[in-house]
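sequence plus predicted model, see below.
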Amino acid sequence: MTRSAWHRKPKPNKQQGQKSEVRRPPIIGAGSSFNLKPWWVSDWWLLDKQGHSSDVVCDVGIVGDLAIAAASIRGNSHRIKGLRCEDSFCLTTGATGEEAPFLVAVIGDGVGSAKYSAYGSTRVTDLFATKLASRLSEADELEEQLVDSALAATAEEVQEAVKSWDSDDYLAPPEDPGEVSPA
C-alpha cells in the first residue's frame with residue numbers, strides 16, 4: 001500500500017451519512033528511510049555488478065508437523081552502494097533411523113569487510129546444514145548430548161572444508177585457497 005493510501009481523508013459512510021475513520025499504522029521512532037525515494041527513479045536500488053543482488057531471498061516449507069519460513073533482505077546501505085546481500089541461510093531436513101523427521105536451519109551473517117563475504121557465508125551455511133543433517137540422520141534418536149557432539153564435529157569439519165573450493169562456483173574466489181585470507 002502506498003504512503004498516500006494510509007493518509008486519505010475519511011470517506012462519508014453512505015448508509016449513515018457519517019464519516020468513517022481511516023486507520024493509520026503506528027509510527028514508532030523516527031521512521032525508516034526505506035520509502036523516502038521512489039526506487040524506480042533513483043539510484044536507491046542499484047543491482048550488483050556480478051548479478052543476483054539477493055534483495056529478498058526466502059524459503060518456505062514443512063517438515064513433519066513443523067512449518068518453516070526463512071528470509072533474508074538486502075540492507076539499505078548495500079542497496080545504495082549497489083552491493084549484494086552477504087547474509088545467507090540454509091534449510092535442510094533429515095530423518096532419524098526411526099524415521100522421525102527433523103529440520104536443520106543455519107544462518108550466516110556475511111562480514112562486509114571481507115572480499116568474498118557473500119560466497120563464504122553461503123558456502124558455510126550450505127556445508128554446515130547438509131553435513132549436520134547427514135550426521136544426525138545416522139542416529140536413531142536425537143538426544144541433546146548427541147546433537148551437541150554432532151554440532152561440534154560438524155563445525156570442525158566445516159572449518160576444514162571451507163579452505164577449498166571450485167573457482168568456477170558462482171562468486172568463488174578466483175585465487176587458490178592458500179592465497180585467500182579467511183578474514
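Right, received. Where do you want to start?

is there a neighbour count for Glu98? I'd like the number.
Burial of Glu98 is recorded as 9 neighbouring residues (other Cβ atoms under 10 Å). (Glycine included, C-beta is placed from N, CA and C.)

show me what counts as buried in stretch 158-175.
For stretch 158-175, the neighbour count (16 or more other Cβ atoms under 10 Å) marks Val158, Val162, Trp165, Leu171, Ala172 as buried.

quick one: low-confidence parts of this structure?
Residues of the chain meeting the criterion pLDDT under 70: 1-20, 25, 27, 31-46, 182-183.

one more pass at 90, please.
Within the chain, the stretches with pLDDT under 90 are 1-57, 64-66, 72-86, 109-120, 162-183.

show me the strands in it, by range?
In the chain, the segments counted as strands under DSSP state E are 12-13, 18-19, 56-63, 66-73, 88-95, 101-108.

let me know which of those is tucked in deepest.
Greatest average neighbour count among those goes to strand 88-95 (a mean of 19), per mean count of other Cβ atoms under 10 Å.

quick one: residues contacting the one residue sitting closest to the centre of the chain.
Nearest to the mean C-alpha position of the chain, by Cα atoms, centre = their mean, lies Ser72 at 2.9 Å. Each residue near Ser72 by Cβ atoms under 8 Å, 6 or more residues apart in numbering is listed here: Ser54, Val56, Val57, Cys58, Cys85, Asp87, Ser88, Phe89.

and if we set it to 7 Å?
Ser54, Val57, Cys85, Asp87, Ser88, Phe89 (Cβ atoms under 7 Å, 6 or more residues apart in numbering).

now, among the residues you listed, which is nearest to Val124?
Nearest to Val124 among the contacts of Ser72, counting by Cβ to Cβ, is Ser88 at 8.0 Å.

picking that back up, how far away is the residue nearest to the centre of the chain from Leu83?
14 Å (Cβ to Cβ, to the nearest Å).

among the strands of the chain, which is nearest Gln145?
Nearest to Gln145, of those and by Cβ to Cβ, is strand 101-108 at 15.9 Å.

and that closest one with strand 88-95, angle?
Orientation check (axes from the mean of the first three to the mean of the last three Cα atoms, to 10 degrees): strand 101-108 against strand 88-95 gives 160 degrees.

quick one: stretch 64-77 to chain centroid distance?
Chain-centre distance of stretch 64-77: 6 Å, with Cα atoms, centre = their mean, to the nearest Å.

ends of it, what's the gap?
This stretch, stretch 64-77, spans 38 Å end to end (Cα to Cα, to the nearest Å).

which helix runs longest in this protein?
Once the chain is assigned using DSSP state H, the helix that runs over the most residues is helix 117-137.

buried sites along it?
In terms of neighbour count (16+ other Cβ under 10 Å), helix 117-137 has its buried residues at 117-133, 135-136.
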